[in-house]
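Sequence and computational prediction follow.
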Protein chains: 2
Amino acid sequence: MALKAQALYDFIAEAGNNELTVKEGETLIITNQSIGGGWIEAQNSRGEVGLVPEDYIETGLCSLSLPFLSILGLSFFRPSHFFSLCLFQASNGNDPWSVWNADPSGGSNNNWASNPEGTQTGKSPADPWGSVSQGHPQAYQGPAEDDEWDDEWDDMKSTGGYAESESGDAGAIQRGAHASSMKISLNKFPGFSKSGPELYLLCKQIAKGKEKLPIYIGEVGPVWSYPETQLDCVVADPKKGSKMYGLKSYIEYQITPNTTNRPVNHRYKHFDWLYERLLDKFGSAIPIPSLPDKQVTGRFEEEFIKMRMERLQGWMTRMCRHPVVSSSEVFQIFLTYKDEKDWKTGKRKAEKDETVGVMVFTTIEPEAADLDLVEVEQKCEQFNRFTKAMDDGVKEILTVGNEHWKRCTGPLPKEYQRIGKAFQNLSAVFNSSGYQGESTLTDAMTAAGKTYEEIAQMVAEQPKKDLHFVMETNNEYKGLLGCFPDTIGVHKAAIDKVKEADKLVATSKITPQDKVTMAKRVSTMSYALQAEMNHFHSNRIYDYNRVMQLYLEEQVKFYETVTHFYRPSISVNWSL
Amino acid sequence: MALKAQALYDFIAEAGNNELTVKEGETLIITNQSIGGGWIEAQNSRGEVGLVPEDYIETGLCSLSLPFLSILGLSFFRPSHFFSLCLFQASNGNDPWSVWNADPSGGSNNNWASNPEGTQTGKSPADPWGSVSQGHPQAYQGPAEDDEWDDEWDDMKSTGGYAESESGDAGAIQRGAHASSMKISLNKFPGFSKSGPELYLLCKQIAKGKEKLPIYIGEVGPVWSYPETQLDCVVADPKKGSKMYGLKSYIEYQITPNTTNRPVNHRYKHFDWLYERLLDKFGSAIPIPSLPDKQVTGRFEEEFIKMRMERLQGWMTRMCRHPVVSSSEVFQIFLTYKDEKDWKTGKRKAEKDETVGVMVFTTIEPEAADLDLVEVEQKCEQFNRFTKAMDDGVKEILTVGNEHWKRCTGPLPKEYQRIGKAFQNLSAVFNSSGYQGESTLTDAMTAAGKTYEEIAQMVAEQPKKDLHFVMETNNEYKGLLGCFPDTIGVHKAAIDKVKEADKLVATSKITPQDKVTMAKRVSTMSYALQAEMNHFHSNRIYDYNRVMQLYLEEQVKFYETVTHFYRPSISVNWSL
């Protein structure tokens, strides 16, 4: 018996992907239910057969439709998320920067711990970490629109990151602006669990593992230990692969580290796995910027692949530059695994790592005297102020830059073109006058008209040469800054906990020795934060110096070139 | 007894002009009915006293309200005119170029005799000259919004131009967008009367007056006789004068011709008088461009006075450059009258001139063999095609130039300013980091931000330096080209009349000798038209060469200056 189904939403097939476009309400016949990866093969009334996302159709059997997800409490339909999805769709055209828009809800600022009274400790019923899922849309938003609908089920089962809940799978095939599920792994992320920073502050014994993260006092204050040779890698050569007998395809990138000079291949989902491991492990101490935004449609368009690769390169470069991240085992295995077996072993090991969340502070060893709580708190507040102010500044640049981008690639060159055409049209009319001695003028007018058309093209292409890099840098920093409220929040919560220490001793909830331990440990956390801020500042200065210099140089080149375009149409025609 | 009146329309008083603002429906007390010039002194309910235009109030005694005018058939409320009035009002702000918009009704093209079948002879009941009042809003629109409400009644009575009808006076004080009366003098203008060009073609005898307008055959074909020294004049030094015991004020301009080097003073209304005389006398043979647009409000604003002066200068320069116009008695008396008596005598003489309209062709003496009708018609059609095509081209430039002007003075510099501020803001945030070695970057970012602000200002000011002149030149040509349909129409009508000649001879309406005379006279008209076109072409090439050269040079200067603005912020900060 043919199983009938009804499309719940519009779905637009991607070319070359064996997908089937369906309209909301359209009746379909299910031709293959065992495709897997959240896909179903269906046939429409015109006899066309193709893949449709499972949850886009209602069969009465398998579909985890939205209301159902929501009953399970697994659907997290958030306006901010909806907004970012809309942006993705808007960004399919000529306007890649639309994703740069600041969150219009304005809610992103709520994350900043500018009001210390409003900040709750980890044990408070009003969990401040709830903000992780509600705040910055730029901050990681979970694998809601994984770019590959055909997740490898084997992998899924083997990873803690994806297989914890069915909703993780359901989320993985959500598509379009309908819904998205939260990143499940956050629930098990100690740094963001209700246990809070006291897990570290009060842990009985610090296991002396192999991992050690020393902090030295450098010229600028506390600094991480930097390797002699900085790790670097090249992300290149994106290749289309396919699986499920060619039914589904994906993009694989080649990553070549400067240490081995041997390329390894990774799909976006592997980067995503790495991101989750790094966030799990270092997120309390080090802001781990989210991966470049996922894009739902147009996955295989050249432009998009190029842009994603550029951004993955940027993300990897930033990770390579970080002395703690780049030397971590998980990062090293990602860059240097020898074969599939090596990779799988490394993955399993990384997923079993227990020194995650706030426990990362157990590995940090500052080579300096303990700081008192007042200084710890002052530093923390100073960093909070700075990162919040910079976040505002960066968003302002993104907003005006985005508008400027749109103007420079849209109406402005169109206008130059129209002016150019108008001059040339009038010149053509003049040529038809039948009057003698017209040519000097008409040649000049035609040349001026053509110059305008050339300027139009230059104006339209210029942003790619300069503004693009300003935007990319600021976009990267927006993502990075979006992580600071969480990182700083961990410190703030720890400080608050230490402040409570006397009361806890008085009520015998902790011993006086615990109090001493807590103070020492919050000092260690502060050294980590300061080392991280100094790392941030030094990178920031490097990045902005580079991008501003490039930008200004390209601007000068632009104006000089325009001048040179004009010159001939003047000098030739009026012999100046 | 106090005479009560009611305001028919809103009227907004002009500052410093002893006017009274009234609202439609407001009750007023007439305090002085004998102000004259179309004004009445009235008092409002708050006791304020001031002048109100007579026809803005209903007293039951004196007001020629709109319905009344319309019964008399003297009110010509046209949408196109309404449009141009709206433009005047819109142009009071920062956008002087809004008056450059092409007629959005599209009706302006109907004047062009592109369809010969559609062109009627002068005797047809569907008078083609009706188009004079319906066509180009840019073409002269009568003294509907005379800029001086206080017309000198003595002058009015003495002139044929204004005193022919009460509606002429009523029209002179119309204000705002309510209504306007047609230029009465057109009714008596033979070139545009029902008698048509046959007045000249068939006139029995050509009186041999002093006036002679020879046409020679030059290198480019038929040409007017050009004087050895070209007349020129300077319009300068606008001064505010007042009359009616200081109740009303006006602007007087100083005009100094290069022949006498002795300045004469004229108000706008005198220019308008000159324009009418020239239109009466030469309009059939020579397109007389309309005066710069009148502006209803803000007459004494510096910007407006400057703009009007610049345009009056442009108009006078064009008239001076025309060999026929500049050597005419009426133009000479305007430029060189010795005293008030001289001026009045000259005025009266000019107004009594009977060699006006098509009769001007009686003074034209081509020194060449007669042309046959085929050639005459071909030339006429060629000129019609060219001027129509140029009119389209000029309007296109005005449209895109207007948009470009708005962008360059509005959103674009605002955006540059915002970018500049964003860079400076981020630089300020960076300065607050407390991190060492920040100054190279922050200095560079601040400099870049300031550069952007400087560019913003340059961008906003640039159009005044270059686009302005392109727009002014094209605007002038738009006005000039708007006169061609009428001028060419006179020729077309004459050609059609000559084509009818055989039939007229057959029906004994004219003699065979009349037919010969008509053919000869239409040849004379054609020589005049060709001389005029050659004059037009030579001026056009001169004007456009000059304005294009200036424009391109200024554009290059602009881009070079921007480059120089950028240079320091790069070289100083990164020592390039």
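Arrived safely.

Close to chain B: what parts of the stretch 351-500 of chain A are there?
Within the stretch 351-500 of chain A, the positions adjacent to chain B are A:382, A:385-386, A:389-390, A:392-394, A:396-397, A:400-401, A:403-404, A:407, A:411-412, A:415, A:418-419, A:421-423, A:425-426, A:429-430, A:432-438, A:440-441, A:444-445, A:448 by CB under 8 Å from any CB of the partner chain. To be clear about C-beta, it is placed using only N, CA and C from the backbone, and glycine gets the same treatment.

ChimeraX command to pick out the buried ones of the residues you listed?
Buried subset of these, written as a ChimeraX selection, criterion 16 or more other CB atoms under 10 Å in any protein chain shown:
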select /A:386,389,390,392,393,394,396,397,400,401,403,404,407,412,415,418,419,421,422,423,425,426,429,430,433,435,438,441,444,445,448
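
when you check the residues of the stretch 351-500 of chain A next to chain B against the helices, which ones overlap?
A:382, A:385-386, A:389-390, A:392-394, A:396-397, A:400-401, A:403-404, A:407, A:411-412, A:415, A:418-419, A:421-423, A:425-426, A:429-430, A:440-441, A:444-445, A:448 (DSSP state H).

For A:Y9, give me phi and psi.
phi -140, psi 160 (degrees, to the nearest 10).

Run a quick neighbour tally on it.
Other residues near A:Y9 number 19, with proximity taken as other CB atoms under 10 Å in any protein chain shown.

quick one: it and A:P323, what's the gap?
47 Å (CB to CB, to the nearest Å).

In which helix or strand does A:C203 reside?
In the assignment (DSSP states H and E), A:C203 maps to no helix and no strand.

and the gap between it and chain B?
Note on A:C203: its distance to chain B, by CB to the nearest CB, to the nearest Å, is 32 Å.

Count the neighbours of that residue for me.
15.

Report the spatially closest residue to the residue of the stretch 451-576 of chain A found nearest chain B, excluding sequence-adjacent ones.
Nearest residue of the stretch 451-576 of chain A to chain B: A:H537, at 4.0 Å (CB to the nearest CB). Using CB to CB, 6 or more residues apart in numbering or on different chains and skipping residues adjacent in sequence, the residue nearest A:H537 is B:Y435, 4.0 Å away.

Then A:Q424?
A:G449 (3.6 Å).

Can you give me the pLDDT of the one you found?
Here, the pLDDT recorded for A:G449 equals 93.

ok, now A:G160?
So, for A:G160, pLDDT stands at 27.

ok, now the one 5 residues further on?
In this prediction, A:S165 carries a pLDDT score of 30.

Also A:N17?
We have a pLDDT of 67 for A:N17.

quick one: the helix ranked longest in chain A to helix B:512-574, angle?
Longest helix of chain A, by residue count under DSSP H: helix A:512-574. On the basis of axes from the mean of the first three to the mean of the last three CA atoms, to 10 degrees, helix A:512-574 is oriented at 140 degrees to helix B:512-574.

now the angle from helix A:512-574 to helix B:411-431?
140 degrees.

I'd like the average pLDDT over helix A:512-574.
89.

Please report how far A:T362 lies from A:V498.
A:T362 is 17 Å from A:V498, by CB to CB.

Tell me which of these two has more neighbours.
Higher neighbour count among A:T362 and A:V498: A:V498, with 24 against 19, using other CB under 10 Å.

May I ask you to confirm that that one belongs to a helix?
Yes. According to DSSP: H, G, I helix; E, B strand; the rest coil, A:V498 belongs to a helix.

Test my guess that it contacts A:L373.
Yes. Between A:V498 and A:L373 a contact is recorded at 5.9 Å, counting by CB atoms under 8 Å.

any common contacting residues for these two?
By CB atoms under 8 Å, 6 or more residues apart in numbering or on different chains, A:V498 and A:L373 have these common neighbours: A:519, A:522.

on that earlier part again, so what's the residue nearest to A:H537 up against?
A:220, A:534, A:537-538, A:541.

of all the residues you listed, which comes closest to A:Y253?
Closest approach to A:Y253 among those (CB to CB): A:S538, at 28.1 Å.

need the contact list for that closest one.
Here A:S538 is in contact with A:220, B:435 (CB under 8 Å, 6+ apart).

got it, and A:F331?
A:274, A:278, A:319, A:325.

nearest residue to the third one other than its sequence neighbours?
Across the structure, with CB to CB, 6+ apart as the measure, the residue nearest A:M319 apart from its sequence neighbours is A:V325 (5.0 Å).

Near the one you found, how many other residues are there?
20.

Over to it. Which of the three states is it?
helix.

and if you look at A:N261?
Of the three states, A:N261 takes coil under three-state DSSP.

Can you get me a residue count around it?
8.

what does the one 3 residues further on give?
As a burial measure, A:V264 scores 21 neighbours (other CB under 10 Å).

tell me the pLDDT at A:T27?
87.

Enumerate the residues of the stretch 101-250 of chain A near chain B.
Residues of the stretch 101-250 of chain A lying near chain B (CB under 8 Å from any CB): A:219-220.

count of residues packed around the nearest residue to A:G420 once chain neighbours are set aside?
Excluding its sequence neighbours, the residue lying closest to A:G420 (CB to CB, 6+ apart) is A:Y452, at 3.2 Å. Using other CB under 10 Å, A:Y452 has 26 other residues around it.

Just the buried positions in the helix or strand in which A:Y452 is found, please.
For A:Y452, the host element (DSSP H and E) is helix A:439-465. Of the residues in helix A:439-465, A:441-442, A:444-456, A:458-460, A:462-463, A:465 count as buried by neighbour count, 16+ other CB under 10 Å.

likewise stretch A:304-322?
Per 16+ other CB under 10 Å, stretch A:304-322 contains these buried residues: A:304-305, A:307-309, A:311-322.

And the contacts of that stretch?
Residues contacting stretch A:304-322 (CB under 8 Å, 6+ apart): A:96, A:224, A:230-236, A:238, A:251, A:253, A:255, A:257, A:268, A:271, A:278, A:286, A:289, A:291-292, A:295, A:298-299, A:325-326, A:331, A:472, A:476, A:480, A:535, A:539.
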